[in-house]
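In: give me a model of this one.
(2 chains)
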Amino acid sequence: MEPKGAWRLALPLALAQVLFFLAPLLILAATSLATDENLSAVSGQAWAEVLGDSFNLGAAWNTLRLGAMTVLATTVLAVPLALLHLAAGPGLKKLILLAAVLPLLTSVVVRTFAWIAILGREGVINNALIATGLATAPVPLLQTEHGLILALTQIEMPLMLLPLIAAMARIDPVLLDASAALGASLLRTLRRVVLPIALPGLLAGATLVFASAATAFISQSVIGGGRLAYLPYLVWQQAMVVFNWPLAAALALTLMASVLAVVTALSALGRKVAHV
Amino acid sequence: MIRMNRRALLGASLGALAMPALPRTTMAAGSMSAAVYPGGWDEALRGVLAPALKRAHDVDVAFEPLFAVDQIAKARAARGVAPFDVFVLDPGPRVQGIDLNLFESFDPSRLANRAKLPEGYADRHGAGVAAQVVGIAYNPKKLPKPAGWRDLFKPEYASRLGLTGFGTTFGTVSLIEMAKVWGGSETDVEPLFTELRKILPQVAAVAQPAAIPGLFQQGQIDVMYTNTYTVSLLKSRGVVIEFALPETGGVAFGTTMHIAKGAKNIEQSYQYIDTMIATDVQSALSQAPYFFVPVNTEVTPGAEVPMRSIADLSKFVTHDWSKINPLRPRWIDRFNREMAK
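Out: Modelled structure (predicted):
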């Protein structure tokens, strides 16, 4: 039972949300339906350009696919690491946690540029491939989708690993013993005991990684380059270089709506799983 | 040492991307704020102009690092409230600023150093403070010196070329000059797209303008179109790079300063622009490591600048931005689509 009038405590935050989030969002929506940034007249031109143009729709699809691929890659790498953390002794646990948090202590900008030095033609990977004779000429990695996914996987990894570790920490070791005592194999214990408990953490991680990778403007433009079209760059270009604010607003809302749709689906899935 | 420099360089070019997010404020009386291009210009104006302004007029300047297009975007978004006192712009954004009425009317007679500028360098919109020369930069250890724009389309150069679109002034003028060698003109870049389509599968990189110097420095590309400032800056960081003037002529354009409409510090803004064109400041800026192209007629350009005086500017290729600006949004969009995989 909440005390009477407790809602008043939420007023400052609610007011700030209306003023600094809802109002700008409404202005953005209004701009997307106008002929210019001064909202001189109503027009559906910008939306027609977004929804009726295969290039813009393709960029939206690329953006969502990039988010999904990054989620997939971080999941594949984070689950074994989280399991290792679960099984590890206190010393190794600390080490894994430190390794998970460490990338967060450097800025995304620095991590992105480090990846140029790694993926480049004369970068670490290509030098190693050529030195070991696995390749005779530099393999294109920078400015490719798989190079970008590789970089984003490292950049977004903590967002997947930390919720996963937190969720797995809730597993009572007794449950694992009970499962083994009842004759379940290691794989079965993993599937029937560990994964169901860890799933909310996995979904939380997937949500964070997806939203972050799909909107990673700097990594997308610097590592992805000019041949891969993603929505965040198009929004920036239309707003800052071309000054077509209605189109920029429509593209921005498209990005927001599509990311939000995936995130909502993931959290609905998370709620469903939590109730099972 | 070189590693440190590499990082500083990478940081500077990426910082340019992140800069618009940083808030800046103007301080007490005797102060003003000015936009400055990120990178070499930012370093040069902080190092030379700011101390000179303090000495001459006791004015403190707060710099806001923004590319020309970002300055216009910011002023436009501010809807009549000046985001800073002084703009520094290339010809394209300058014409946009005039069209959008973003500048205070400028009185050249308020510049004490007015007489040191060539005729036509100060008008009712603002004053010229430097020039930029755009051409081809290449790694002499990897490639022979290119003769001109046409060479960039030969396989040995195309496979090492870094392409960037119409988003910047240097990108736009370079692409126009390439279009010209293939039969296009200042207003017709169609032949360029036809030729680009042929070499695109081999091109080393297509990147955002701010990322191009970093790619060159990392060996991802060995030839690019850029201005002499970028070449000087990279050279000073130990990068193997040379500048080549194309056989059809180098491209030159003026960089101008303008007082923002509604600026609060008008007097200080005139003092700032006047100090920028003063002989001592222009000669310091024209030397290593900055190598600015001076507009002050008393100053001789530095060794790295491919002209001996500002009078030489007439021998360079120039463009009419009132014709280019209306076409540019379509070219930018076209470039996106042509480059997309």
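In: which SS class is the closest residue to chain B within the stretch 151-276 of chain A?
Out: Going by C-beta to the nearest C-beta, chain B is nearest to A:Gly226 of the stretch 151-276 of chain A, at 3.4 Å. Bear in mind the C-beta positions are built from the backbone N, C-alpha and C, glycine included. With DSSP: H, G, I helix; E, B strand; the rest coil as the basis, A:Gly226 sits in coil.
In: for the residue lying closest to it once chain neighbours are set aside, what are phi and psi?
Out: Nearest residue to A:Gly226 in three dimensions, chain neighbours excluded: B:Val206, at 3.4 Å (C-beta to C-beta, 6 or more residues apart in numbering or on different chains). When read as degrees, to the nearest 10, the backbone of B:Val206 gives phi -120, psi 120.
In: B:Val206 touches A:Leu228, doesn't it?
Out: No - counting by C-beta atoms under 8 Å, B:Val206 sits too far from A:Leu228 to count as a contact (9.2 Å).
In: need the overlap of contacts for those two.
Out: Listed as contacting both B:Val206 and A:Leu228 by C-beta atoms under 8 Å, 6 or more residues apart in numbering or on different chains are A:Gln143.
In: re earlier: got the contact list for the residue nearest to A:Gly226?
Out: A:143, A:225-227, B:162-164, B:339.
In: using CSV, lay out those together with pLDDT, distance to A:Gly205 and neighbour count.
Out: Output for these, formatted as CSV (pLDDT from 0 to 100; distance: C-beta to C-beta, whole Å; neighbours: other C-beta atoms under 10 Å in any protein chain shown):
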residue, pLDDT, distance to A:Gly205, neighbour count
A:Gln143, 90, 28, 26
A:Gly225, 89, 28, 24
A:Gly226, 89, 31, 24
A:Arg227, 92, 30, 19
B:Gly162, 96, 36, 25
B:Leu163, 96, 37, 26
B:Thr164, 95, 36, 27
B:Met339, 93, 34, 20
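In: between the residues you listed, which is closest to B:Asp85?
Out: Using C-beta to C-beta, B:Thr164 comes nearest to B:Asp85 of those, at 30.5 Å.
In: please tell me how far the closest one sits from B:Leu327.
Out: 18 Å (C-beta to C-beta, to the nearest Å).
In: what's the answer for A:Phe210, then?
Out: Distance from A:Phe210 to B:Leu327, by C-beta to C-beta: 38 Å.
In: so how many other residues sit close to B:Val129?
Out: 25 (other C-beta atoms under 10 Å in any protein chain shown).
In: near chain A at all, the helix or strand where it lies?
Out: Assigned by DSSP states H and E, B:Val129 falls within strand B:127-138. No - Strand B:127-138 is not in contact with chain A by C-beta under 8 Å from any C-beta of the partner chain; minimum separation 15.6 Å.
In: so after that strand, what's the next helix or strand?
Out: Next along from strand B:127-138, by DSSP H and E: helix B:155-158.
In: now that following helix: buried residues?
Out: Neighbour counts using 16 or more other C-beta atoms under 10 Å in any protein chain shown place B:157-158 of helix B:155-158 among the buried residues.
In: which strands and helices lie in contact with whatever helix or strand comes next after it?
Out: The helix or strand immediately downstream of helix B:155-158 is strand B:161-163, counting by DSSP H and E. When contacts are defined as 3 or more C-beta pairs under 8 Å, 6 or more residues apart in numbering or on different chains; DSSP states H and E, strand B:161-163 sits against strand B:205-206, helix B:212-217, strand B:223-227.
In: got the CA coordinates for stretch B:169-180 in CSV?
Out: The C-alpha trace of stretch B:169-180 is given here as CSV (Å, rounded to 0.1, in the frame of the first residue of the first chain):
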residue,chain,number,x,y,z
THR,B,169,33.7,21.6,-49.7
PHE,B,170,36.9,19.8,-50.6
GLY,B,171,35.0,16.7,-51.5
THR,B,172,32.6,18.6,-53.7
VAL,B,173,35.2,20.6,-55.6
SER,B,174,37.4,17.5,-56.1
LEU,B,175,34.5,15.4,-57.5
ILE,B,176,33.5,18.3,-59.8
GLU,B,177,37.1,18.5,-61.1
MET,B,178,37.0,14.7,-61.8
ALA,B,179,33.6,15.1,-63.5
LYS,B,180,35.2,17.8,-65.7
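In: what's the neighbour count on A:Pro12?
Out: 9.
In: give the contact list for it.
Out: Contacts of A:Pro12 by C-beta under 8 Å, 6+ apart: none found.
In: how near is it to chain B?
Out: 22 Å (C-beta to the nearest C-beta, to the nearest Å).
In: got phi/psi on that residue?
Out: Per degrees, to the nearest 10, the backbone of A:Pro12 is at phi -60, psi -40.
In: likewise for B:Thr297?
Out: Taking degrees, to the nearest 10 as the convention, B:Thr297 sits at phi -70, psi -20.
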